[in-house]
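> Sequence first, then the predicted structure:
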Amino acid sequence: ALAPEAALGESLEAAQEIARLQMDIKQANAFATAHSEENKKLKLALQEKNAFIQAQSRSHSHFRQTWKREQELFQDEKRAFSCEQETWTRRLENIKKDVA
């Protein structure tokens with residue numbers, strides 16, 4: 001059996017060790033909480049960035065579609081003009097033949 005002083009010493013050491021471990025746990029929890037908040041902020045920033053990128057992508061896609069439609073309309077107008085030009089060229093040639 002241990003002498004009362006030895007038992008008291010071991011009990012005191014055990015209590016000190018428990019107090020150190022509790023302090024370590026508190027520090028670890030504080031660290032984890034701080035990092036959890038930082039992670040939440042980073043996650044939110046990432047979500048905002050992704051939303052911005054998706055909006056830009058939709059905007060770019062809309063612009064591309066609009067530009068493509070404009071190009072198609074321009075080509076249609078160009079073909080119509082070309083047909084009209086051919087018609088007027090033939091009419092002019094016919095007039096020249098009639099006059100000659």
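Right, received. Where do you want to start?
> Okay, the residue sitting nearest the centre point of the chain and residue 26: tell me how far apart.
Among the residues of the chain, the one closest to the centroid is residue 50, at 2.0 Å (C-alpha atoms, centre = their mean). Relative to residue 26, residue 50 is positioned 36 Å away (C-beta to C-beta, to the nearest Å). Using the backbone N, CA and C atoms, a C-beta is placed for each residue, glycine as well.
> ok, now residue 70?
From residue 70 to residue 26 the distance is 66 Å (C-beta to C-beta).
> circling back: in terms of pLDDT, where does the residue nearest to the centre of the chain sit?
Residue 50 is assigned 93 on the pLDDT scale.
> for it, helix, strand, or coil?
helix (DSSP: H, G, I helix; E, B strand; the rest coil).
> contacting residues for it?
Shown in contact with residue 50 (C-beta atoms under 8 Å, 6 or more residues apart in numbering): no residues.
> Pull up the gap between it and residue 17, please.
Distance, residue 50 to residue 17, using C-beta to C-beta: 48 Å.
> just residue 86 next, same as before
As judged by C-beta to C-beta, residue 86 and residue 17 stand 101 Å apart.
> One more: residue 66?
Residue 66 is 72 Å from residue 17, by C-beta to C-beta.
> just residue 3 next, same as before
21 Å.
> can you check residue 42 too?
37 Å.
> One more: residue 25?
For residue 25, the distance to residue 17 - C-beta to C-beta - is 13 Å.
> Please enumerate the helices of the protein.
Assigned by DSSP state H, the helices in the chain fall at 4-99.
> Show me where it dips below the pLDDT cut-off.
Applying pLDDT under 70 to the chain picks out residues 1-2.
> hmm, 80 instead?
Counting by pLDDT under 80, the chain has low-confidence residues at 1-9, 100.
> Could you count how many residues lie near residue 55?
10 (other C-beta atoms under 10 Å).
> nope, residue 83 is what I meant
10.
> swap in residue 38?
Residue 38, neighbours per other C-beta under 10 Å, totals 10.
> what's the spacing between it and residue 32?
To residue 32, residue 38 is 11 Å away according to C-beta to C-beta.
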